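In: based on what follows, work out the 3D shape:
(3 chains)
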Amino acid sequence: MLRTYSAPLVGIAILVVGGVYGATSESAANLVAMTAVWALMACGWNIISGYAGPISLGQAAFFGITAFITTVLFAKWNVTPYLGLIVGLVVSLLLATVIGLVTLRLSGLYFTLATLTIPLIMATLTRYFGYHEVARPYVGESLAYFQFNGSLAYYVVAAVLVAGALLFTARLEGTRTGRYFVAIRENERAAEASGVPTFRYKFVAFLLGSVFASLAGWVYSQLSFVFSPDEVYNPIVSVQALLIVLIGGPGTVLGPLVGALLVIPLGEFTAVYFSQLPGLNELMYAIVLLVVAFWSRRGLYPLLVGGARVLWIRLRPAGERPVKTPAVTDDAAQEGAARDSAEVGRST
Amino acid sequence: MVLLQALLNGLLVGAIWGVLGLGKQIVLGVIHFVNFAHGHLVLLAMYLALLLWTLTQADPFLLLPIVVVIMAGVGWLLDRVLVRPLVPRGERAQMIATLALALIIENLALMIASPQPRSIQTWWADTALRLGGLFLNYGQLMGLVVSAVVFAATWWLIRRTPLGVMIRATSQNREAAQYMGINTSRVYGIAFVLSVVLAGVVGAVYIVSSPVDPSTAWSFLILMFVVPVLGGLGSIPGTALAGVLVGIVQVLSSTYLDIELQNMIVFVLFVLFLVLRPQGLLGKATDQFRISV
Amino acid sequence: MSAAGSPPVSDRRVRLETRGLGRRFGGLRAVRDVSVTIRDGERVGLLGPNGAGKTTFTNLVTGDIKPTEGEVILDGERVTGFAPHQLFHRGLARTYQVANPFPSLTTLDAVMIGAFAGTRDVTAAASAARDALDLLGLGHRCATEMRNLTIVEMKEVELARIVASGASLVFLDELLAGLRPNEVGDLLEVLDRLAAERSLTVVLIEHLVGAVMTFCERLIVMNEGAVIADGPAAEVAHDKTVVEAYLGAKWRKDA
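Out: Alright, predicted model coming up:
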């Protein structure tokens, strides 16, 4: 039991530390709140693409639509954001159902492209119907209307949601569903042949991802005073989720949180101190991503863990060093591995 | 009359989309390499053309060959550094790595050129030939001419030269091509460079009539896939046809509906085709995707 | 090599029947009018030169691709066009030419995927998976990642996956590919034991005739998409058409 939840517990500890830091100043609170929002978004992406496989670049659609619905309902009809969230979630799930049913039958590359078009389509429609910039109404400190004077309260909400996401992901890992996801990601065809209804499970993963994206959009919309379609429906939103997860470690519970911790604060830092060079932080992340894509499909997190392990082994006194036992001594296994990489490219 | 003008404009605009799709066809059909930075390579070419024009004030169509040469160099470099290691790694790794490259280019552009849209001022963009009651913008007309030439040249290359035979053979079956003595690595390299060069042509032509800013790259990327899919993966005439079709749809949308909606409608068409008619208009309903005609 | 005392083949229940099964790819007929019947407990070898259509035919039966003509009937039920996972739950399993479909999963995880056919519960699946691995003598390799196994072990894990799922009709696509001659013999012994213990009906898809002869009582030979021979192994191996298909016309008169 503890084993399953050890990762989210570490995550919760990190979130608590974040809360303490956030309490020191408003700008700190804003930073950690943003980080938490992105971590939540990344958790969603992680479920679809980190665990189950298909790379979705359309998460921004759910992020944006919930943000818009909540804010517009609030601004026009004085509907409390809590209700706005419910409506936003329902709409997101409906949207995800339609998008998922249509696009998930496409193979990897075309699925990704199709999902890329969705937020762009939605941005266009939003602008077309007259919504350019929306601002949440100012009502002052009000719990009933989910509005607070400082960012720390938003952080608490977001952190609780992130903790929930981490626990959910950890639990998912131990179920048949979670294992089916991983099998699909590893080899969809073989998974299908092993009895996994791949379409159904990819669809479920897609819906789950949309829920988290939706929640993230909800917090974001109330945290930011004002936003525009271009901002929330931007492909960059989806790509940033991808970036965070891939850097942090796809298919792991803590990957999204670790990634968010690495990416967001650094982004804010460069935005402040290097404001004459917009895009510098993104550039750095892109370079890191490139490195990650080449050297480790598992993100920085396992690299860090592996690196730490190597360091630990080196730092121990010589007598205690474990003797290396290679897993396989057969050169048949190496032959097999070489044959496998040749096989992979071949179509049947 | 308005309709006719719109159709004509669509043709003019669409020609360059055809070239865009052609570049993507080649990299996808021959190397089976997913390049998500392809749209950003067009962006790069646009900025290059802008830079050269700012420095020399020369006619942008005279600058075209220079841009092409530089893009060829970029393509060669990318082939060595990025493509070769990634080809065996599979679709997912290629998507992610080229996505990273796209971000690198986009943010370099943001840093160096700023997010403001920039454009080239030339007489080409502002004057038009008058034919009967119709107007043919010179810039777009030249774009059509360039596209037609490029298409014809590429078609000739693929159909009538020994290199073209090698490309087609490698596209259909890399192993078998190797057994026949074809240096498939070299073919892959040439195909990739060609795809980058074609992207360069699109960029250099497009900047004449439209402003550039870093965010336009994503639309290019999607259009780059839309055109081959609509036309039929593997069919070169199909790409030309689809390019024009996309151009016409865009112009008709902006004339009769709203200029904002033009890309959206194209994207919706894209998804519809992917799901309902993946072989496009002129493609064959086979399981594999290979360059044919 | 069938178990002593089992009923003659013709009396046994029909497991799989294909009627006029075919598949076109544009102008190419990869599989043409294939009608075969496979009965419970049979050990069938599906042979043919490269490109004969063996794998395509298998793909049609196991649901990886849909036929353009004909029908597939499994245990009396029309399953033409069913998806692989649906067939899997009806007892039909297959392996693929790629020896290692799930490289980064541990052996236990990989076998568990198969075990989930019978249960939702993770603990039950793990237990079924362990039993299957023990049956194949791989219990000690539970925690090893698939990519670190020897090639023989990988193939045994594939078999374990099938056993754990409770499948009874099994298509093994090029199971023997990449093995050394002594390894082939060993694996076939393992398969023999497994087939007897679990009452499996096995179809071995191979293009090496000799290896398959020891295990299979019946051979089906395909060439250019059609079945050119179907009968007891000894007869088929000497059939003139078969020899010609494999070796070319000039060897025909020597058969």
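In: in the stretch 1-150 of chain A, what residue lies closest to chain C?
Out: Residue of the stretch 1-150 of chain A nearest chain C, by Cβ to the nearest Cβ: A:Thr4 (10.7 Å). Quick note: C-beta positions are derived from backbone N, CA and C, even for glycine.
In: A:Thr175 is in contact with that residue, correct?
Out: No: applying Cβ atoms under 8 Å as the test, A:Thr4 and A:Thr175 come out as separate, 10.3 Å apart.
In: picking up where we left off before, quick check: the residue of the stretch 1-150 of chain A closest to chain C is in a helix.
Out: Yes: assessed with DSSP: H, G, I helix; E, B strand; the rest coil, A:Thr4 lies in a helix.
In: any idea how many residues pack against it?
Out: Residues lying near A:Thr4 (other Cβ atoms under 10 Å in any protein chain shown) number 13.
In: cool, the one 3 residues further on as well?
Out: Close neighbours of A:Ala7, defined as other Cβ under 10 Å, add up to 19.
In: same check, this time on C:Gly139
Out: Per other Cβ under 10 Å, the neighbour tally for C:Gly139 reads 15.
In: and the one 3 residues further on, by the same measure?
Out: Residue crowding around C:Cys142 was assessed by other Cβ under 10 Å; the count is 16.
In: list the contacts of it.
Out: C:Thr106, C:Thr107, C:Leu108, C:Arg130, C:Leu133 (Cβ atoms under 8 Å, 6 or more residues apart in numbering or on different chains).
In: okay, those in a markdown table with pLDDT and distance to chain A next?
Out: Formatted as a markdown table, these follow (pLDDT from 0 to 100; distance: Cβ to the nearest Cβ, whole Å):
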| residue | pLDDT | distance to chain A |
| --- | --- | --- |
| C:Thr106 | 88 | 11 |
| C:Thr107 | 90 | 12 |
| C:Leu108 | 91 | 11 |
| C:Arg130 | 90 | 15 |
| C:Leu133 | 90 | 15 |
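In: tell me which two in these are the farthest apart.
Out: Farthest apart among the contacts of C:Cys142 by Cβ to Cβ are C:Thr106 and C:Arg130. That separation is 11.9 Å.
In: tell me the pLDDT at A:Thr71?
Out: On pLDDT, A:Thr71 comes in at 90.
In: okay, buried residues for the host helix or strand of it please.
Out: In the assignment (DSSP states H and E), A:Thr71 maps to helix A:59-77. For helix A:59-77, the neighbour count (16 or more other Cβ atoms under 10 Å in any protein chain shown) marks A:59-74 as buried.
In: max pairwise distance over those residues: which two?
Out: With Cβ to Cβ as the measure, no two of the buried residues of helix A:59-77 lie farther apart than A:Gln59 and A:Phe74, at 22.9 Å.
In: looking at the contacts of C:Cys142, state which has the most neighbours.
Out: Neighbour counts for the contacts of C:Cys142, by other Cβ under 10 Å, peak at C:Thr107, which reaches 27 neighbours.
In: give me the phi and psi for that residue.
Out: phi -50, psi -50 (degrees, to the nearest 10).
In: my guess is it contacts C:Asn148, does it?
Out: No: proximity of C:Thr107 to C:Asn148 does not meet the contact threshold set by Cβ under 8 Å, at 9.3 Å.
In: from the chain's centre, how far out does stretch B:61-80 sit?
Out: 14 Å (Cα atoms, centre = their mean, to the nearest Å).
In: contacts for that stretch, please.
Out: Contact with stretch B:61-80 is made by B:41, B:44-45, B:48-49, B:52-53, B:56, B:101, B:124, B:142, B:146, B:188-189, B:192-197, B:199-201, B:203-205, B:208, as judged by Cβ under 8 Å, 6+ apart.
In: which positions in it come out as buried?
Out: Here stretch B:61-80 shows B:Phe61, B:Leu63, B:Leu64, B:Val67, B:Val68, B:Ile70, B:Met71, B:Val74, B:Gly75, B:Leu78, B:Asp79 as buried, counting by 16+ other Cβ under 10 Å.
In: make TSV out of the residues you listed and add secondary structure.
Out: Listed next are these as TSV, based on three-state DSSP:
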residue	secondary structure
B:Phe61	helix
B:Leu63	helix
B:Leu64	helix
B:Val67	helix
B:Val68	helix
B:Ile70	helix
B:Met71	helix
B:Val74	helix
B:Gly75	helix
B:Leu78	helix
B:Asp79	helix
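In: Serialize those residues to CSV and add fields for distance to A:Arg185 and pLDDT.
Out: Listed next are the buried residues of stretch B:61-80 as CSV, based on distance: Cβ to Cβ, whole Å; pLDDT from 0 to 100:
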residue, distance to A:Arg185, pLDDT
B:Phe61, 49, 80
B:Leu63, 46, 86
B:Leu64, 45, 89
B:Val67, 41, 92
B:Val68, 41, 93
B:Ile70, 40, 94
B:Met71, 36, 94
B:Val74, 33, 94
B:Gly75, 32, 94
B:Leu78, 28, 93
B:Asp79, 29, 92
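In: between the residues you listed, which is nearest A:Ile48?
Out: Using Cβ to Cβ, those come closest to A:Ile48 at B:Leu78, 29.3 Å.
In: would you list the phi and psi of residue 233?
Out: Since you didn't name a chain, this refers to chain A. A:Tyr233 adopts backbone torsions of phi -100, psi 10, taken as degrees, to the nearest 10.
In: the chain in question should be chain C.
Out: According to degrees, to the nearest 10, C:Ala233 has phi -50, psi -50.
In: follow-up on the earlier one: from the contacts of C:Cys142, which land in helices?
Out: In helices, defined here by DSSP state H, the members of the contacts of C:Cys142 are C:Thr107, C:Leu108, C:Arg130, C:Leu133.
In: ok, those vs chain B, which is closest?
Out: For the ones in helices among the contacts of C:Cys142, the residue nearest chain B by Cβ to the nearest Cβ is C:Thr107; the value is 23.1 Å.
In: tell me the contacts of that closest one?
Out: Contacts here follow Cβ under 8 Å, 6+ apart; on that basis C:Thr107 touches C:Leu133, C:Leu138, C:Arg141, C:Cys142, C:Ala143, C:Thr144, C:Glu145, C:Met146, C:Leu149, C:Val157, C:Ala160.
In: residues contacting the first one?
Out: In this case it means C:Leu133. C:Thr107, C:Leu108, C:Val111, C:Gly139, C:Arg141, C:Cys142, C:Val157, C:Ala160 are the contacts of C:Leu133 under Cβ under 8 Å, 6+ apart.
In: how about 10 Å then?
Out: Applying Cβ atoms under 10 Å, 6 or more residues apart in numbering or on different chains, we find C:Leu133 in contact with C:107-108, C:110-111, C:139-142, C:156-157, C:159-161, C:163-164.
In: the last one now?
Out: Contact partners of C:Ala160, counting by Cβ under 10 Å, 6+ apart, are C:107-108, C:110-111, C:114-115, C:129-139, C:141, C:153, C:194.
In: just give me the neighbour total for residue 137.
Out: Just so you know, I chose chain A. 11.
In: think we crossed wires, I meant chain C
Out: 12.
In: any idea how far the closest residue to it other than its chain neighbours is from chain A?
Out: Using Cβ to Cβ, 6 or more residues apart in numbering or on different chains and skipping residues adjacent in sequence, the residue nearest C:Gly137 is C:Glu156, 7.5 Å away. Using Cβ to the nearest Cβ, to the nearest Å, C:Glu156 is found at 12 Å from chain A.
In: and C:Glu156, what helix or strand is that in?
Out: Assigned by DSSP H and E, C:Glu156 belongs to helix C:151-165.
In: so what strands line up beside the following helix or strand past that helix?
Out: Scanning forward in sequence from helix C:151-165 by DSSP H and E, the next helix or strand is strand C:169-173. Applying DSSP bridges, strand C:169-173 is found paired with strand C:92-95 (parallel), strand C:201-205 (parallel).
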